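A.B. asks: Sequence first, then the predicted structure, then my questions.
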Amino acid sequence: LSGTVSLSAGSDADTVQLDFERRPAGGGSWVTMASDTTLPWGASLDTTTLADGLYDFRVVAIDQSGNTGTSPLRANVRVDNTNPAGSMTTPANGATVGGSSVALGGSYSDAGSGVASVRYEVRPTGGGSWSTITTSTSSPFGATWDATTVTSGSYDLRPVITDRAGNTFDGATITLTVDVSAPTVVLTNPGATIAGSITLNATVTGSGATQVVFATTPAGGGSWTSVGTDTAGPWSTSFNTASFADGLYDLRATVHDSLGNTSFDVVAGIRIDNTAPRVVSSTPAEGSTVSSASSIRLVASETATPVG
């Protein structure tokens, strides 16, 4: 409990008074906190008049003849009017961050009811309204922040710590530089039709690139399969097209920087063809005997170029 709380109880019809009582949990003398002589039975308790700690509560009912009855105990109820404490430790104050998964964390404590949640907030440095990034409700109260939801610039972050009694504390503000500008990448078109093992090449502009991931998907698809990663320029990878069924594919190169920012380029509609053409019919027909022929006509399974 914290602050001012409402107490309520029920009793027999002949009750004329209810006394609300407390004592230190487990023993000690009972103290009357309030009495009520009218329905509905209730009282108000300002818990700030009590020291933080555990208490037992009960109600004593008195009827018109002076007989009394005592309710079962509500034991080990914690009064906690002390704010929690804590501060952010991740990221460090003054750090530069970016990307879609910035780790947030800190050191948080509450000696009474315990920490219930930590809400992380952000605002432009120096002023403006605080906006909630996310709220963590389980220890150690870490979270992640998609920094790409804001533009590059300087920002303040703070934790708002709430304990199980509802007390809150605003942790110290830290200031960060957000950089969500990824390098750019251009994937070189490998040709309309590819076969066998080829090299995929990409060109990266901008600073801070740490890797380029090459991937493919059936044309128009959304599930990408990685075919290689390069961690240094010039950016390239070997692509064994024979690992994929013949057909149309999209190719993609995604560049990552050290802050977790990414950008990509797609070359669409590239045909993988590792199947040799075959003759499906001929004139004269295969196996026939002719005395002479002025020409021979072959029909192939796909467009083919005669050799020899």
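C.D. replies: Structure's in. What do you need?
A.B. asks: Can you list the buried residues in stretch 248-255?
C.D. replies: By 16 or more other C-beta atoms under 10 Å, the buried positions in stretch 248-255 come out as 249, 250, 251, 252, 253, 254, 255. The way it works is simple: take the backbone N, C-alpha and C, and place the C-beta from them, glycine included.
A.B. asks: Partner strands of the helix or strand harbouring the fifth one and their direction?
C.D. replies: Assessed by DSSP states H and E, residue 253 sits inside strand 247-257. Using DSSP bridges, the neighbouring strands of strand 247-257 in the sheet come out as strand 209-218 (antiparallel), strand 262-272 (antiparallel).
A.B. asks: Let me know the average pLDDT across it.
C.D. replies: Strand 247-257 shows a mean pLDDT of 98.
A.B. asks: same check, this time on stretch 47-62
C.D. replies: 96.
A.B. asks: what residues are up against residue 45?
C.D. replies: 1, 4, 5, 6, 7, 20, 33, 34 (C-beta atoms under 8 Å, 6 or more residues apart in numbering).
A.B. asks: So which of the residues you listed is surrounded by the most neighbours?
C.D. replies: Among the contacts of residue 45, residue 20 has the most neighbours (other C-beta atoms under 10 Å), with 23 neighbours.
A.B. asks: For the one helix or strand that one maps to, buried residues please.
C.D. replies: Using DSSP H and E, residue 20 maps to strand 15-24. Buried residues in strand 15-24, counted by 16+ other C-beta under 10 Å: 15, 17, 18, 19, 20, 21, 22.
A.B. asks: Same check on stretch 71-87?
C.D. replies: 71, 78, 79, 80, 81, 82, 83, 84, 86, 87.
A.B. asks: For the chain, which residues score under the pLDDT cut-off?
C.D. replies: 278-282, 287, 290-308 (pLDDT under 70).
A.B. asks: Could you tell me the end-to-end distance of stretch 164-176?
C.D. replies: End-to-end distance for stretch 164-176: 30 Å, by C-alpha to C-alpha, to the nearest Å.
A.B. asks: what does it contact?
C.D. replies: By C-beta under 8 Å, 6+ apart, stretch 164-176 touches 1-3, 78-88, 91-97, 106, 110, 112-116, 125, 154-162.
A.B. asks: Which among these count as buried?
C.D. replies: 1-2, 78-84, 86-88, 91, 97, 106, 110, 112-113, 115-116, 155-162.
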